[in-house]
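Colleague: Sequence and predicted structure below; questions after.
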Amino acid sequence: MSTTSSGEPSVADEPSAAVDSTSAEDSANTGDSAPPVVPLLAPADGVPAVVETPEGVVAAAALLASGNGPLAVDAERASGFRYSQRAYLLQFRRRGAGTVLLDPIPVTDHLGPLAAVINPLEWVLHSADQDLPGLAELGLVPQTLYDTELAGRLAGFERVGLGAIVERTLGLSLQKGHGAADWSTRPLPDTWLNYAALDVEVLLELRDAMAAELESQGKTEWAAQEFAHILTLGPPKPKTDRWRRTSGIHAVTSQRVLGAVRELWHARDELAQRRDIAPSRVLPDSAIVAAASADPKSEGELRALPVFGGPRQRRSTGVWLAALGRARTLPASDLPPKSAPFDGPPPVNRWARRDPEAAERLGLVRAAMTELSEKVSVPVENLLMPDVLRRLVWDWSTTGDGDTHAAIDAELVAGRARDWQRELVVPVLADALTPRQVTGE
């Protein structure tokens, strides 16, 4: 469902922008249980011109200020093409104002007027954690939030992609095909801009539909707590030893070769960051593992390996040989261990060998959490963060005489579990972790 220029919902507008030969009346006459899905091929009001000047930002801010209610927000990045996660196109829509498309690259330092208007509003996003960090870099931070993807999870929907939820709740089919495109491309093709405008075209209607769904399930307060929590997270923390995520590294058993993988990975990361190119486009993981394993010592030996002989790699030959040279001279004390050090419990597949009792506790807890998940129609991972659950079970002692409920609740508070999660989960975990169940008494 779209909105008219006055902001009132209008079902009639959308089919006019789509090609659909089956009406709801026809569906009813044929006995179909669900209404037909209407393809949404273009925004009802057309695709607006992209804002790319300081004057345009001021006008866009004034336009959005003239609207009413929440603000639909989306951002397009160039993941897989660029090193950074910056936003290359911003989309906004508000009832009574319409849609704004904004290129932030030429106006990064001129977004103050826009921030002043939209930051105090409730933002409606789909998968908010994907876009909020890049928007925050631009000084755009919502006061309140509604995440339609998370709402779908809390509602128990099996498919929570934007297209799937829009189809299920609004009976509309969104255009696909450009989500993984290189949005740093300039100028942006018209078809891409059409796709981008459609991403916020019905987001406000979707928010209302999901709010009604959650209200009917008694989960409105759960969602409010989750949305508030997202706003407290801030930018994601850098992961340690990211080089260990190199594809194919599982086949490497030598510490010396692992050291070479690490040096090559860091050399590639530095080069990718400097050029703002996705690391995989600078050098694929397979080439890193191959070079680390072969340990070439000359340009000829390196260029004889797959990928390294290509024209795009020749200018970086010195970078790769230098990285391999550093790895070759690392003292044994500086070589990386074969297994990644971990802060907290070991990988779950090692529990049975490391601590059979902990593995047994985990089995009981998993069964109890699965039962609770099915009862309330919320995925287990949304009932409690998996890392918090694993740490609790691994460190749990069955010999203490304290209050089990209080001890579990304290752990969940420390893990930043929300009130609604603790209310549901603490009794279930306390029951599963009692000694009589663990020991079989």
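Modeller: Looks like it came in fine.
Colleague: end-to-end on stretch 393-410?
Modeller: For stretch 393-410, the first and last residues are 14 Å from each other (Cα to Cα, to the nearest Å).
Colleague: May I see the buried residues of that stretch?
Modeller: Neighbour counts over stretch 393-410 (16 or more other Cβ atoms under 10 Å) mark 393-394, 396, 404, 407-409 as buried. Any C-beta I mention is one placed from the backbone N, CA and C, and that applies to glycine too.
Colleague: helix or strand right after the longest strand that the chain contains?
Modeller: Looking only at the chain and at elements set by DSSP state E, the strand with the highest residue count is strand 68-76. Downstream of strand 68-76, the first helix or strand assigned by DSSP states H and E is strand 89-95.
Colleague: Would you list the strands that that next one pairs with, along with their directions?
Modeller: As defined by DSSP bridges, the strand partners of strand 89-95 come to strand 68-76 (antiparallel), strand 98-102 (antiparallel).
Colleague: Show the average pLDDT along the longest strand of the chain.
Modeller: The average pLDDT within strand 68-76 is 98.
Colleague: all numbers from here: first residue = 562
Modeller: Sounds good: first residue 562 from here, last item strand 629-637.
Colleague: List of residues touching that strand?
Modeller: Strand 629-637 has contacts (Cβ atoms under 8 Å, 6 or more residues apart in numbering) with 568, 625, 648-657, 679, 682-687, 692, 695-696, 703, 707, 742, 744, 757, 760-761, 764-765, 768.
Colleague: Which of the buried residues of stretch 954-971 lies at the shortest distance from P840?
Modeller: Of all these, W955 has the smallest distance to P840: 33.0 Å, by Cβ to Cβ.
Colleague: in the helix or strand containing the closest one, what's buried?
Modeller: Element membership for W955, per DSSP H and E: helix 947-956. Under the neighbour-count criterion of 16+ other Cβ under 10 Å, helix 947-956 has 949-955 buried.
Colleague: and the buried residues of stretch 954-971 as JSON lines, adding distance to G717 and pLDDT?
Modeller: Formatted as JSON lines, these follow (distance: Cβ to Cβ, whole Å; pLDDT from 0 to 100):
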{"residue": "V954", "distance to G717": "25", "pLDDT": "96"}
{"residue": "W955", "distance to G717": "29", "pLDDT": "95"}
{"residue": "W957", "distance to G717": "29", "pLDDT": "93"}
{"residue": "T965", "distance to G717": "29", "pLDDT": "92"}
{"residue": "A968", "distance to G717": "30", "pLDDT": "94"}
{"residue": "I969", "distance to G717": "25", "pLDDT": "96"}
{"residue": "D970", "distance to G717": "25", "pLDDT": "96"}
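Colleague: What about G740, how many residues nearby?
Modeller: One way to gauge burial is a neighbour count; for G740, by other Cβ atoms under 10 Å, it gives 14.
Colleague: Next one: it from A785, what distance?
Modeller: 28 Å (Cβ to Cβ, to the nearest Å).
Colleague: Ok, R914 next?
Modeller: As defined by Cβ to Cβ, R914 lies at a distance of 43 Å from A785.
Colleague: higher neighbour count, these two?
Modeller: A785 (16 against 9).
Colleague: what about that one, helix or strand, and which?
Modeller: Using DSSP H and E, the element containing A785 is helix 781-791.
Colleague: so what does that helix touch, helix or strand wise?
Modeller: In this structure, helix 781-791 packs against helix 689-698, strand 705-708, helix 709-715, helix 764-777, helix 980-993, with contacts taken as 3 or more Cβ pairs under 8 Å, 6 or more residues apart in numbering; DSSP states H and E.
Colleague: L819 is nearest to which of these?
Modeller: Among those, if distance is taken as Cβ to Cβ, the winner is helix 689-698, at 30.7 Å.
Colleague: dump the residue contacts of the spatially most central residue of the chain.
Modeller: Here the mean C-alpha position of the chain is nearest to the C-alpha of Q691 (Cα atoms, centre = their mean), at a distance of 4.2 Å. Not one residue lies near Q691 by Cβ under 8 Å, 6+ apart.
Colleague: what's the distance between it and L945?
Modeller: Separation of Q691 from L945 (Cβ to Cβ) stands at 22 Å.
Colleague: now do T931
Modeller: With the distance defined as Cβ to Cβ, T931 ends up 12 Å from L945.
Colleague: Tell me which of the two has more neighbours.
Modeller: L945 (24 against 12).
Colleague: which one is the more buried one nearest to, not counting chain neighbours?
Modeller: The shortest distance from L945 to any non-neighbouring residue, by Cβ to Cβ, 6 or more residues apart in numbering, is to V986 (5.3 Å).
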